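**Q** What follows is a predicted protein model with its sequence.
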Amino acid sequence: MSVLNIARLGHPILREIAKPVDLKALTASGGDNELQQLIDDMIDTMQEEDGVGIAAPQVARSLQIIIVEYEENERYPSQDDIPLSVYVNPKITHYGKETASFWEGCLSLKDLRGLVTRPQEVTVEAYSREGKKMVVEAKGFLAVVLQHEIDHLLGKVFIDRMTDLTQLAWAKEWQTYWTEKESDQGPEAI
Ligand code: ZN
């Protein structure tokens, strides 16, 4: 397991459509399964970088793999926990009608925060790292994180989803001018 370099905005891979994962290759047995190794390395990288999620293009791999994880702590007490989950070939199959706005960050745009409006509920179909079909009905914070990460597989980053760029800020200034108190802070970077 190892920590990989993060592709930052400007790296062309962040603008590509990621390739689907071959499920046979994903589940092939043997100690040197490259896709399983990549998933382990992505988990290490996300945790090392304090991310809430990571997508394979962010480690410069054009593959449809995302990972999410969030544990509530004192710095960010307002969000629900998200258990560590791997989504292979994820697709959003349903969007709820109601929307909500959330200050997003991104490991590939690390010091920026932007207010993004997205549907509050989504249904995501995907495969687990063991190749099992999953259907996840997500709402709230998890729905935001999944939409953000799946966007990376479509060559999109959160600023593409913003409708008002006056609500884009450096993290430090955002903390100074846009948050009223420590407990209102969002996650470090999705
Ligand atoms: Zn991101």
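**A** Arrived safely, thanks for sending.

**Q** which secondary structure element contains Asp40?
**A** Asp40 is part of helix 34-48 when elements are defined by DSSP states H and E.

**Q** So what sits opposite Tyr87 in the bridge?
**A** Ile66 (DSSP bridges).

**Q** gap between stretch 132-141 and the chain center?
**A** 14 Å (Cα atoms, centre = their mean, to the nearest Å).

**Q** hang on, I meant stretch 32-42
**A** 18 Å.

**Q** Any buried residues in the helix holding Asp40, and which?
**A** Neighbour-count burial for helix 34-48, counted by 16 or more other Cβ atoms under 10 Å, picks out Leu35, Gln36, Leu38, Ile39, Asp41, Met42, Ile43, Thr45, Met46. Every residue, glycine included, has its C-beta placed from N, CA and C.

**Q** And stretch 105-115, end to end?
**A** 9 Å (Cα to Cα, to the nearest Å).

**Q** Next: stretch 128-139.
**A** 19 Å.

**Q** now stretch 2-17
**A** Across stretch 2-17, first to last residue, Cα to Cα, it's 25 Å.

**Q** Next, the buried residues of that stretch.
**A** Buried, per 16+ other Cβ under 10 Å, within stretch 2-17: Leu4, Ile6, Ala7, Ile13, Leu14.

**Q** In contact with Pro20, which residues are there?
**A** By Cβ atoms under 8 Å, 6 or more residues apart in numbering, Pro20 lies in contact with Leu63, Gln64, Asn89.

**Q** now swap in Lys132 and tell me
**A** Here Lys132 is in contact with no residue (Cβ under 8 Å, 6+ apart).

**Q** returning to what we had before: among the buried residues of stretch 2-17, which one lies nearest to Glu130?
**A** Each of these was checked against Glu130 using Cβ to Cβ; the closest is Leu4, at 22.2 Å.

**Q** so which helix or strand takes in the residue lying closest to Ser85 once chain neighbours are set aside?
**A** Computed as Cβ to Cβ, 6 or more residues apart in numbering, the closest residue to Ser85 that is not its neighbour in sequence is Val68, at 5.5 Å. Assigned by DSSP H and E, Val68 falls within strand 65-70.

**Q** returning to that earlier point: any idea how far Val116 is from the residue nearest to Ser85?
**A** 16 Å (Cβ to Cβ, to the nearest Å).

**Q** ditto for Gly30
**A** In terms of Cβ to Cβ, Gly30 sits 41 Å off from Val116.

**Q** Between the two, point out the one with more neighbours.
**A** When neighbours are counted by other Cβ atoms under 10 Å, Val116 comes out ahead of the other of Gly30 and Val116, with 24 against 7.
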